[in-house]
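**Q** Give me a 3D structure for the following:
(chains A and B)
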There are 2 protein chains.
Amino acid sequence: MIKVIKNGTVITMSSNREKIENIDIVIEDDKIIDIVSNYEGVYDEIIDATDKIVIPGLINSHTHLGMSYFRATNDNLSLQDWLNNKIWPIEDKMDEEDVYYGSLLSIIEMIKTGTTCSSDMYFFSEAAVKAIDESHVRCLFTRCLADINNDGDKRIEEFRNLYNKYKENELIKFSVAPHALYTCNLEYLKKCSKLAFELNLPVHMHYLENRQEIEDIKKMYKMKPLDVLKKSGLINNKLILAHCTFLDEDNLKAFKDKDISVVHNPISNLNLGCGIADITKYKNYVNVCLGTDSQGSGNNLNMLYHMSIVDLLQQGIHEDSTVLSSYDVLKMATINGAIALGLEKEIGSIDIGKKADIILLDMNDSLTSPSIDIITNLVHNAYNNVCMTMINGNILMKDKELLLNIDENELIKIINNRIKKLKS
Amino acid sequence: MIKVIKNGTVITMSSNREKIENIDIVIEDDKIIDIVSNYEGVYDEIIDATDKIVIPGLINSHTHLGMSYFRATNDNLSLQDWLNNKIWPIEDKMDEEDVYYGSLLSIIEMIKTGTTCSSDMYFFSEAAVKAIDESHVRCLFTRCLADINNDGDKRIEEFRNLYNKYKENELIKFSVAPHALYTCNLEYLKKCSKLAFELNLPVHMHYLENRQEIEDIKKMYKMKPLDVLKKSGLINNKLILAHCTFLDEDNLKAFKDKDISVVHNPISNLNLGCGIADITKYKNYVNVCLGTDSQGSGNNLNMLYHMSIVDLLQQGIHEDSTVLSSYDVLKMATINGAIALGLEKEIGSIDIGKKADIILLDMNDSLTSPSIDIITNLVHNAYNNVCMTMINGNILMKDKELLLNIDENELIKIINNRIKKLKS
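**A** Numbering: from 1, shown residues only, chains lettered A, B, ... in the order given. Down below sits the predicted model:
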C-alpha cells in the first residue's frame, strides 16, 4: 500500500534538512520510503497537501492518559493540596473501566491535535494499554511504580506481566517508571534501575517538580535528590525526567555526559505554582523535550497550545527575545521527544526509513492568516489547525474527521457520568 | 424585537451575582430587559443555550486592528528591533485600503473568538472606522497621536474631524491616544491631555513596555516617566495605560486614587522579551484589564487564548498557585475592561439595562470535556469554543457561522496579496 503526501509545505525536522520545502512524501505501509520533488511513481492513495503544512507527528513526552477526568481542576491549588485533596481521593475510587474510558478520551484529544506518540505513566495499566492498542496510537507505556503501601514488588510484577504481554507490539514500547523519589525508597529505586537495565528500557520519573519536593526528599533520604539518583544507580540509566523545575548547577553538571532528557511541562508548572524551569540553561547540558502533564494540571493535551508558551516564557524570564526560537520549540515537540523516548531511529522527523507518523495543518483561515513566518505562526497559533493525523502509515484523522470506530458524543456522556459517580 | 437566550449556564459577571446560574436572558432590541428563571413571556426569537455557557462579550482593551498583516512575525526580536526592522518600514508603505482590509480581518477574528468590544489604536483611521462601522462591532476608537515629524497638530486635527463625524455613532466611542511618552514631547502631551478633558474622553497610551523605554524617556525628558505624566497633566485624565511591564512603588502609589487602568498584554510582553508584569501587585492599586496587542506581538486576537495564560504567569512568577483565580481573569476580560474604557454602565456584565453584548460557548467536545470546574475550564481551555457572538442585540455569529456579509476566503486572498506587495 503506497500513500503519497503531495505538494505540501514540509518541515522535515531532519538534521540534514533544516528548512521549509515543497516536496512529496512517499509512504509504503508503515514507512517513509522516499522524499522527492514531484513524485510521479505508482501509488494507491494521494493525500493532497496543497497549501498545507506537513510536519512530523508531535511527541508528548510526559502525560497521564487516564486523568482526563480531572481536566482543569487546579484553580488556586498547590501541587501538594491538589494531589491530596482533589486527585488522590478520587483516584482511590477509580476502577479499570474508568481508566479505559479516561484514556480513550485522551487518545482522541491527542489525535485531534496532532500528537502521534505519548509517554504515559499511570495505573490500571491493562485498561489503558487496551485503549491505546485499540486506537492504533504510538506510546511509550508503563505501569507507575511506587512503594507507598508495601505494594512495590507487586507493582513491579504487574509491570513485568504487562511488558511480556505487549513487548512484541509494533506501536507500544515500554519504560520503567518509579513515580518520584519521594514515593519510593532507596532499595526500591535500585530495583527499578536494575529492572530497566535488565530489559534495556528507559526510566521515566518525576523529578524536582517544586521546591517543597526538594525539601521532602532531603528529609526522607537525609541526602540531596542528586545523591539519591547517584546512590540508587538511576543516574546511569537512560532517564526521562519530568518537570525539573529547579535544576541547580550540580544537577546539570552531573547530567551533562549521561543519557538524560528533561521533559519541560510549562503549563502544569505554572498552574500548580511550581515556577518556570530555565530550559534556556538546561539545553546546554541535557536534551530538553516537551510534555503536557495530565489535563488536571496541564489543562489539555493539545501540544500546540503548550508549544505556544514555551519560548514566550523563556523570553519573559530572561527579558530577552532571542534566547529560544520557534524552531527550537518545534524540535522539543518532535525530534527531541523521540530522542528522550529512545525512539529517534523510528520517529521524530520526516526521513526516509522512519515510520510514517505525520500530521497536516491547514493555516488558511481568518485566525491564522496571513502566515508570513511559517514556523513562528505554526508554533504560536496552530492550536486548532491540525487537519490530518497519520500514525505508522494509518490515517486516524482526515479533514478534521476522526476515523476511529468510536462514538465521541457517547464517550463524553460516559466520562461525564463516571466523574459524577467518582465525585459523589 | 425580543430575543431570549434560553436555558444557558450563565456567568453574569454582575457585582451582585458572582455565581453560575441556569437562567434566561431577555433582550429587547439592543438592551437586556430581564434576567429570569424560565421566562414565559412573549418573544420573536429563541436562542437555545441548553448545555452552553453564557457570558458577557469579551473586551480587548488594547489592540491595533490594522496590524493583522504582521501576525506572528516576532521570532527572536526585541521590541525596538521589531518596530525598527519589521514593522515601521512596512507601515510606511501602507495605504488606506491596506488598513481597511487589515482591520476587517481582525474584526472577523474577534467575532469568531467572542470579543465584542475592542480598544483600537492605529492610523489611517477613516479606513479602520469604516471597517468597524460596516461590521457592527463595538469599539473605543482613536487616531494614534505622535509628534515625530512635526505632524502632531495635523494628527490632532484628523482626530477632531473623525470624532465629530462619528461622535453620535451608537457603537463607536473615542479615546485620545498619544502613542507613548517617547514618541511625543511635553508640549504635545499637554495638548493631548487638554483635548481629552475638553471632549470628556479617556486617554489611551503605551506606558513602560520594557526597561529600554524607561531609559529612553529619562534621557529624552531629563525626568522619570511618572514625572512626565504629572508635568503634562495626563495623570489627572482618565488613563488607559497599555503594558506597564515595570510599575514601581512610586508609580503605583501615585496611581492609587486616580482614574487609571492598566491593560496587561502578557503574550506581547513575553514575545518581545519585555518581561512579566506583576499584576498580582498592581491590582491592589489600579483597575487591571486585558489586551492582546496586535497579532504582530500578540500572535492573535483570540482573548480566550490570552486569558488562559494570565493567572498561570502570576502563579509561576510568585511560585504560588493562589495569587490569582480564574474568576479574576474572567473579570479582567469583561467588567474590568468596561471600567477601563469608561463603558461600565453599558457593557462588561449581563445586567438588566445594559447593552446585549453576549457570547455563548459550547464546551461539549473531546477537547474540553469533562467540565467540572466550569470557570477554570472556560478560562483555560475555551479558545476554540465560542459558538455565538451578539453585539448590541445583533447576532454576528451563530453556530460558529459568521453572519457578516463578507467572503472570508476572498478577504484572506486580498490580505495575502497585499502583504506580499508591501514586503516587496
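**Q** all strands for the stretch 101-250 of chain A, in order.
**A** Taking DSSP state E, counting those that start in this stretch as the criterion, the stretch 101-250 of chain A carries its strands at A:115-120, A:138-141, A:144-145, A:172-174, A:177-178, A:203-207, A:239-243.
**Q** Quick check: residues of the stretch 101-250 of chain A near chain B?
**A** Within reach of chain B by C-beta under 8 Å from any C-beta of the partner chain, the stretch 101-250 of chain A has these residues: A:L105, A:I108, A:E109, A:K112, A:T113, A:N210, A:R211. The way it works is simple: take the backbone N, C-alpha and C, and place the C-beta from them, glycine included.
**Q** was I right about the second one contacting A:N405?
**A** No. The pair A:I108 and A:N405 does not pass the contact test of C-beta atoms under 8 Å, sitting 11.8 Å apart.
**Q** ok, the two, which is more surrounded?
**A** A:I108 (26 against 7; other C-beta atoms under 10 Å in any protein chain shown).
**Q** confidence score at the more buried one?
**A** pLDDT for A:I108: 98.
**Q** so who does it touch?
**A** By C-beta atoms under 8 Å, 6 or more residues apart in numbering or on different chains, the residues touching A:I108 are A:S135, A:L402, A:L404, A:I406, A:E408, A:L411, B:S366.
**Q** residues in contact with the second one?
**A** The reference is to A:L402. A:I108, A:I111, A:K112, A:L396, A:E408.
**Q** out of those residues, which is most surrounded?
**A** Result: A:I108 is most packed of the contacts of A:L402 (other C-beta under 10 Å), 26 neighbours.
**Q** picking up where we left off before, let's have the contacts of A:I108 in TSV, adding pLDDT and secondary structure.
**A** What follows is these, written out as TSV (pLDDT from 0 to 100; DSSP: H, G, I helix; E, B strand; the rest coil):
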residue	pLDDT	secondary structure
A:S135	97	helix
A:L402	97	strand
A:L404	93	coil
A:I406	92	coil
A:E408	95	helix
A:L411	98	helix
B:S366	96	coil
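**Q** Out of those residues, which is nearest to B:Y383?
**A** Closest approach to B:Y383 among the contacts of A:I108 (C-beta to C-beta): B:S366, at 14.9 Å.
**Q** wait, what's in contact with that closest one?
**A** A:L105, A:I108, A:E109, A:K112, A:E408, A:L411, A:I412.
**Q** Is it correct that the third one is in contact with B:S369?
**A** No. Counting by C-beta under 8 Å, A:E109 stays clear of B:S369, with 9.4 Å between them.
**Q** So which residue is smack in the middle of chain A?
**A** In chain A, the centroid-proximal residue (C-alpha atoms, centre = their mean) is A:N60; its distance is 1.7 Å.
**Q** Now that one: phi and psi?
**A** phi -90, psi 100 (degrees, to the nearest 10).
**Q** contacting residues for the residue lying closest to it once chain neighbours are set aside?
**A** Closest residue to A:N60 apart from its sequence neighbours, by C-beta to C-beta, 6 or more residues apart in numbering or on different chains: A:S118 at 4.2 Å. Residues near A:S118 by C-beta under 8 Å, 6+ apart: A:I59, A:N60, A:S61, A:T63, A:L65, A:M110, A:V137, A:R138, A:C139, A:L140, A:L301.
**Q** OK, contacts around the third one?
**A** Meaning A:S61. A:S61 is in contact with A:S118, A:S119, A:I240, A:A242, A:S261, A:V263, A:C289, A:L290, A:G291, A:G337, A:A340, A:L341, counting by C-beta under 8 Å, 6+ apart.
**Q** what's the answer for the fourth one, then?
**A** A:T63 makes contact with A:S106, A:S118, A:S119, A:D120, A:M121, A:G291, A:T292, A:D293, A:S294, A:G298, A:L301, according to C-beta under 8 Å, 6+ apart.
**Q** Is stretch A:85-93 positioned near chain B?
**A** No. Using C-beta under 8 Å from any C-beta, stretch A:85-93 stays clear of chain B, coming no nearer than 9.5 Å.
**Q** Give the rounded mean pLDDT of that stretch.
**A** The pLDDT scores in stretch A:85-93 average 91.
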